[in-house]
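Engineer: please find the sequence and the predicted model below.
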Amino acid sequence: MRHRKNVRQTAWVFMTSQPRADRGCKRVAASRARRYATGGLAACGAWFALLSTGPLQSLAVTPTVVDPDLAVATVVSGLSQPIGMAFIGRQDIFVLEKASGKVQRVINGILQTSPALDLAVNSASERGLLGIALHPRFPRNPRVYLYWTESTAMDAAGAPVDTDDLASTPLLGNRVDSFTWNGTTLRFERNLIRLHAFQADAGQPLRGNHNGGIIRFEVSRDGDGDDRDGRDRDDGDGDLGNRRNDDQDTARLFIIIGDNGRRGQTQNLEDGPFGPGIPDDQFGGPKPDNAHLTGVVLRLNDDGTTPRDNPFFQAGRRIGGEVGANIQKIFAYGIRNSFGMAVDPRTGDLWNQENGDDSFDEINRITAGQNNGWVQVMGPLSRVAEFKMIETIPPFDGLQQIRWPPANIADTPAEARARLFMLPGAHYRDPQFSWKYAIAPAGIGFLSGRGLGRQYDGDLFVGAARPTLDAGYLLRFNLSESRRSLAFSDPRLADRVADNVAKFDATESETLRFGAGFGVGTDIQTGPNGNLFVVSLSNGAIYEIHRVH
């Protein structure tokens, strides 16, 4: 398969006045001979949009943090829609660019002239080059894993090229591939899985959203202070080379994909949106065959095979066929969409943020076999009447897909629970936290170590999918002593819901505010030096939060 394409220079400037739709941005080549429209990252429509105007112009606010003992430095700027990052050395970073399809390399804050890889991506709406994970034993195991949306557009010579055309991707155009790093370039090794990408639903325009795209490797504690994946606990010295000899252990990769607009069993509609015997869409369904495996967290071995200890492995074996094989891959389901997923470095627990439509954005701790409840519920089951109320009143009326309108939402918690599609061994759990009205969270990450001070060690940080609030907020959550839940100092949050009064309103989130001006924060990582790094898609930059010395 051909991954390479022609390299074009692009530039972006943030725009705030875009309508709620799968609108996007214009991508302008240096020659201005060709234009491509690119969609923004959207939690439910267009949370933000970018527009290129030639040389990079930034209207972004300079990021700040509330702690006077901390400061924000710009590691690198001038990137084109950076969406994810991975440290391959102390000051050596891979950076994904969503719409260009490039894996850029930044060394000592300098963007290198040649990318490590240039993929031909479909970047319409929320598609594109979306997720990266290094093999846990990197660099001894030089594999790098990428989640990206394949383009079927071709240039005159028949080579694949970037596109924003919503129709120019295969049905299974979202893919996770492994590449090998040779010190200069990334070379394709194998495809692990292909997932649904093409949305062409009757009575609705083409769409390209709810692709998820974050990938993370599992981390487990082995009792001696080391991670089972081979990394020592961060001691602040920046040493990435101290590894135990555990190559015989197979690493497990988490992959999250949103619902992609499907309305089937993994969206808690056992018989689909229309009833028994009626397909979900023109491709079949509602069972999770390849064309309907969406709204899930998958757990795969590092070679793409399925771990036998997955929660639904035996259930899938009994079902058999394509559907059974896919059920074996599922770690959790009932997920609308997510731009943020992280593994707690202390416990190995998986966390994510989940975007509601107009109500009940969530923070979740996800355990094996979990059903997060979508489309029957967002937020706590006890609030399902509020969920229905918000999603059925102007201007919010609708859940994007006309096949299952919000008037169908249950009226009581008992009714909603009874409607959940429960695979054998599945369990439902309320979110650890939610907002009554959406505030559009995006990237999440844990701070591992005391680089910013003892009080921040182990905290969970959350970025924004749209810079409407605080020009792109950065929120901070404390975890309980067991690290199985969140801990709050504000008594108003004892019910684990911020009862804000409108979309993008910060009421009851005041004590969570950590920073502002970060734009669209798509990835949050602890660096080798113990500081906190934030990727800002809209600002075209990576920021480092550090102590003031």
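Structural biologist: That came through, no problem. It should be emphasised that the depicted structure is a prediction, and the values quoted were computed from it without experimental measurement. Numbering: from 1, shown residues only.
Engineer: how near is Arg299 to His196?
Structural biologist: 18 Å (C-beta to C-beta, to the nearest Å). For glycine as for every other residue, the C-beta is placed from the backbone atoms N, C-alpha and C.
Engineer: same check on Gln204?
Structural biologist: Using C-beta to C-beta, Gln204 is found at 16 Å from His196.
Engineer: and Glu97, by the same measure?
Structural biologist: In this view, Glu97 and His196 are 23 Å apart by C-beta to C-beta.
Engineer: next, the buried residues of stretch 88-99.
Structural biologist: Neighbour counts using 16 or more other C-beta atoms under 10 Å place 88, 93-99 of stretch 88-99 among the buried residues.
Engineer: identify the farthest-apart pair in those.
Structural biologist: Farthest pair in the buried residues of stretch 88-99 (C-beta to C-beta) is Ile88 and Ala99. Separation: 22.7 Å.
Engineer: can you report how many residues neighbour Arg187?
Structural biologist: As a burial measure, Arg187 scores 14 neighbours (other C-beta atoms under 10 Å).
Engineer: tell me the phi and psi of it?
Structural biologist: phi -120, psi 130 (degrees, to the nearest 10).
Engineer: my read: it touches Phe179, true?
Structural biologist: Yes: under the criterion of C-beta atoms under 8 Å, Arg187 makes contact with Phe179 at 5.9 Å.
Engineer: overlap in contacts of these two?
Structural biologist: Residues touching both Arg187 and Phe179 (C-beta atoms under 8 Å, 6 or more residues apart in numbering): there are none.
Engineer: quick one, what contacts Phe179?
Structural biologist: Each residue near Phe179 by C-beta under 8 Å, 6+ apart is listed here: 117, 143-146, 186-189.
Engineer: how about it, secondary structure?
Structural biologist: The three-state label given to Phe179 by DSSP: H, G, I helix; E, B strand; the rest coil is strand.
Engineer: nearest residue to it in space, please, no chain neighbours.
Structural biologist: For Phe179, ignoring the flanking residues on the chain, the nearest one in space by C-beta to C-beta, 6 or more residues apart in numbering is Leu186 at 4.0 Å.
Engineer: so what pairs up with the one you found in the strands?
Structural biologist: Beta-bridge pairing for Leu186 (DSSP bridges): Trp181.
Engineer: contact partners for it?
Structural biologist: By C-beta under 8 Å, 6+ apart, the neighbours of Leu186 are 103, 116-117, 144, 179-180.
Engineer: who's Ile257 bridged to?
Structural biologist: With DSSP bridges as the rule, Ile257 is bridged to Val296.
Engineer: I'd say it and Gly173 touch.
Structural biologist: No: the pair Ile257 and Gly173 fails to qualify as a contact (C-beta under 8 Å) at a distance of 11.6 Å.
Engineer: what number of residues lie near Asp490?
Structural biologist: 12.
Engineer: can you give me the pLDDT of it?
Structural biologist: Looking at Asp490, its pLDDT is 98.
Engineer: test my guess that it contacts Asp499.
Structural biologist: No: contact between Asp490 and Asp499 fails when scored by C-beta under 8 Å: they sit 11.5 Å apart.
Engineer: list the residues that contact both of the two?
Structural biologist: Common contact partners of Asp490 and Asp499 (C-beta under 8 Å, 6+ apart): Glu508.
Engineer: could you pull up the mean pLDDT of stretch 394-414?
Structural biologist: pLDDT averaged over stretch 394-414 gives 96.
Engineer: pretty sure Ile390 belongs to a helix, no?
Structural biologist: Yes: checked against three-state DSSP, Ile390 lies within a helix.
Engineer: confidence score at it?
Structural biologist: As predicted, Ile390 sits at a pLDDT of 98.
Engineer: among Gln204 and His196, which residue is more densely surrounded?
Structural biologist: Legend: neighbour count by other C-beta under 10 Å for Gln204 and His196, higher for His196 (27 against 13).
Engineer: report the contact partners of the more buried one.
Structural biologist: Shown in contact with His196 (C-beta under 8 Å, 6+ apart): 171-172, 174, 257, 260, 262, 290-294.
Engineer: check Leu129 too.
Structural biologist: Contacts for Leu129 (C-beta under 8 Å, 6+ apart) come out as 83, 96-103, 119, 121, 123, 146-149.
Engineer: now, which of the residues you listed lie within strands?
Structural biologist: Among these, DSSP state E puts 83, 96-97, 102-103, 146-149 in strands.
Engineer: from those residues, which single one is nearest Gly348?
Structural biologist: The closest of the ones in strands among the contacts of Leu129, once distances to Gly348 are taken by C-beta to C-beta, is Tyr147, at 21.1 Å.
Engineer: do you know how far the residue nearest to the spatial centre of the chain is from Gly449?
Structural biologist: The centroid of the chain falls nearest to Phe339 when counting by C-alpha atoms, centre = their mean (2.6 Å). Phe339 is 25 Å from Gly449, where distance means C-beta to C-beta.
Engineer: likewise for Ile83?
Structural biologist: Taking C-beta to C-beta as the measure, Ile83 falls 25 Å from Gly449.
Engineer: who's more crowded, the two?
Structural biologist: More neighbours surround Ile83 than the other of Ile83 and Gly449, with 27 against 22 (other C-beta under 10 Å).
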